[in-house]
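the sequence and its predicted three-dimensional model are supplied below.
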Amino acid sequence: MSNSWTSGYVADIGYTYGYYTELNPVRIRLPFAYHGIELPPNGLACELGFGQGLSTALHAAGSASDWWGTDFNPSQTAFAKEIFQFTGRSSHLYDQAFEEFCNRTDVPEFDFIGLHGIWSWISDENRKVIVNFINKKLKVGGVLYISYNTLPGWAAFAPMRHLMTEHAEILGSEGRGIVSRIEGALDFADQMLSTNPLFVRANPLIGDRLKKMKEQNKHYLAHEYFNRDWHPMHFANVAEWLEPAKVQYACSANYLDAVDAVNLTQEQQAFLATIPDPMFRQTVRDFMVNQQFRKDYWVKGIRKMSPLSQAEVLRNVRVLLCTTKEDVGLKVNGALGEAALNEDVYVPIINFLSDHKSKSLAEIHSKLNNLTFAQVLQAVMVLSGAGYVTPIQDDVTVSKSKRHTQTINNHLIGKAKASNDIQYLSSPVTGGGFPVTRFQQLFLQCIADGKKTPHEWAQFVWSKLDAQGQRIFKDGKTLESAEENIQELMAQANQFAAKQLPILKALQIA
């Protein structure tokens, strides 16, 4: 890899069109209140290294925040600017390197700065630039979201990653492109593992991780593993890096991390409780759960709520069930593995939320007064962490954002006629993105066009597929005939009408 404008970062293949909900400032309210941290203002926001810009655009459309950002890749920035023009907000997206962007004189101070993943893939020089930017441009009271590959979870696999990138550079042919070189590196690693080296015998989970890699999107693998810089870090090292920016650790952006019962044994919880230093406690906790990826909120000037204020804020938090009650599993995956949820607590809450109308935690507790408020709060944290429940924003912001989300969603649905690259739409209710598959997006287009029945929806989608020579792939085979494709589309359209459509209406996407 060259030392050109890419600085060793993969640039000959586009990043995936992913959406990252942790970059949504609306999500901060629940975990901050849970931990008794004063809530920050929700205003100007910035994402450094925004990739294709989908998260930035969906958050700009769905919330009251103005967004700025940069990504060094001009192709990705061009796409981000294309979709951003449908957010109803002024575009402040650039294709500048971090140093160039951070030295701009027109960049304002921000209430929120987000970095998803990039911390692990950049040089120390760029980290210094980013820390300086946070120091200068994050407002007092503002929030930093940062996620990164973490030690000790990556310690065992780091040598394998080094081996594969060496293969891609030394034995891979530049003319074959990065995807072919990744495939060659994975095949080589497989062959090497088949010789049963002592390294693998000492690290028996290496084979499982390699198998999962082979099933993942090669575009994702290129950016995740095959950059020149790849530096998993201990939490303490990241804290040391961020110290000049004057930010303090607040809490995890992963709601489930706050629930010790699904992550730590009683013995581990008791041991952690003996550690007086909260930062060192985080480092020790990472060993207990073998942390591989952290998603953290930091604050410049953290302040604690009074118990009375915390109770009031928590009681006013509003949530909405964003799946059918039948699809809510009464098990959740934490660091300890699969944990069963208490049916006496969770089933009544799920039933109460099953009309997909927003409810405050106070309303839930009042309705289910046989449960303690602490039980309601923990259940909401778990259900939110599992993706079954979502926090929502205030009615005024929802009303103001709706026309912007409709505009950008219409544009994204237009793209779904040709591809399934983008599988999220913007919700004014959550202030962010929500998963909506390609066919579901096209069903929404049918409804907007006045087509009322699943049969009409299926026929419309088939007409778009057939015109492009596309066919549905199901159960390991391609459905070749029109009848088979229409039958499958009918099944999906009927399920959409019964299950997904009511939820999309509640989220004001439909």
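Now that the structure is in, tell me what you want to look at. Numbers count the residues shown, from 1 in each chain.

what ranges does the stretch 401-510 of the chain have for its helices?
Secondary structure of the stretch 401-510 of the chain (DSSP state H, counting those that start in this stretch): helices at 438-448, 454-467, 482-495, 501-506.

list the helices and strands the second one packs on?
Judged by 3 or more Cβ pairs under 8 Å, 6 or more residues apart in numbering; DSSP states H and E, helix 454-467 is in contact with helix 438-448, helix 482-495. Yep, even glycine has a C-beta here, placed from its N, CA and C like the rest.

just the CA trace of it, in PDB.
Taking C-alpha atoms only, helix 454-467 is exported to PDB below (Å, rounded to 0.1, in the frame of the first residue of the first chain):
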ATOM      1  CA  PRO A 454     -49.900  -7.200  -1.600                       C
ATOM      2  CA  HIS A 455     -50.600  -8.700  -5.000                       C
ATOM      3  CA  GLU A 456     -50.200  -5.300  -6.600                       C
ATOM      4  CA  TRP A 457     -47.000  -4.700  -4.600                       C
ATOM      5  CA  ALA A 458     -45.500  -8.100  -5.700                       C
ATOM      6  CA  GLN A 459     -46.300  -7.400  -9.400                       C
ATOM      7  CA  PHE A 460     -44.700  -4.000  -9.200                       C
ATOM      8  CA  VAL A 461     -41.500  -5.300  -7.600                       C
ATOM      9  CA  TRP A 462     -41.300  -8.200 -10.100                       C
ATOM     10  CA  SER A 463     -41.600  -5.700 -13.000                       C
ATOM     11  CA  LYS A 464     -38.600  -3.900 -11.700                       C
ATOM     12  CA  LEU A 465     -36.600  -7.100 -11.200                       C
ATOM     13  CA  ASP A 466     -37.500  -8.600 -14.500                       C
ATOM     14  CA  ALA A 467     -36.700  -5.500 -16.500                       C
END
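
could you dump the helices and strands packed on helix 454-467 into a markdown table and include mean pLDDT?
Compiled in a markdown table, those are given as follows (pLDDT from 0 to 100):
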| stretch | mean pLDDT |
| --- | --- |
| helix 438-448 | 95 |
| helix 482-495 | 92 |
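
what would those helices look like in TSV with distance to Tyr19 and mean neighbour count?
Putting the helices and strands packed on helix 454-467 into TSV (distance: least, Cβ to Cβ, whole Å; neighbours: other Cβ atoms under 10 Å) gives the following:
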stretch	distance to Tyr19	mean neighbour count
helix 438-448	14	21
helix 482-495	22	17
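
redo those helices as TSV? Include distance to Pro391.
Output for the helices and strands packed on helix 454-467, formatted as TSV (distance: least, Cβ to Cβ, whole Å):
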stretch	distance to Pro391
helix 438-448	23
helix 482-495	27
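
out of those, the one nearest Ala506 is which?
For the helices and strands packed on helix 454-467, the distance to Ala506 is smallest for helix 438-448, at 14.1 Å, taking Cβ to Cβ.

residues in contact with the closest one: which ones?
In this structure, residues lying in contact with helix 438-448 by Cβ atoms under 8 Å, 6 or more residues apart in numbering are 409-410, 412-413, 416-417, 419-420, 423, 425, 436, 456-457, 460-461, 464, 489, 492-493, 496, 500-501, 504, 509-510.

tell me the SS of Ile182?
helix (DSSP: H, G, I helix; E, B strand; the rest coil).

do Asp111 as well
strand.

that one and Met490: what is the separation?
In this view, Asp111 and Met490 are 47 Å apart by Cβ to Cβ, to the nearest Å.

need the helices of the stretch 401-510 of the chain in CSV with distance to Ile350, can you?
Formatted as CSV, the helices of the stretch 401-510 of the chain follow (distance: least, Cβ to Cβ, whole Å):
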stretch, distance to Ile350
helix 438-448, 23
helix 454-467, 27
helix 482-495, 20
helix 501-506, 14
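
mind giving me the packing neighbours of the longest strand along the chain?
Secondary structure assigned by DSSP state E gives strand 138-149 as the longest strand of the chain. Strand 138-149 sits against strand 110-116, helix 235-242, strand 293-299, with contacts defined as 3+ Cβ pairs under 8 Å, 6+ apart.

which element follows that strand toward the C-terminus?
helix 158-170 (DSSP states H and E).

which elements pack onto that next one?
Judged by 3+ Cβ pairs under 8 Å, 6+ apart, helix 158-170 is in contact with helix 177-194, helix 206-215, helix 218-225.
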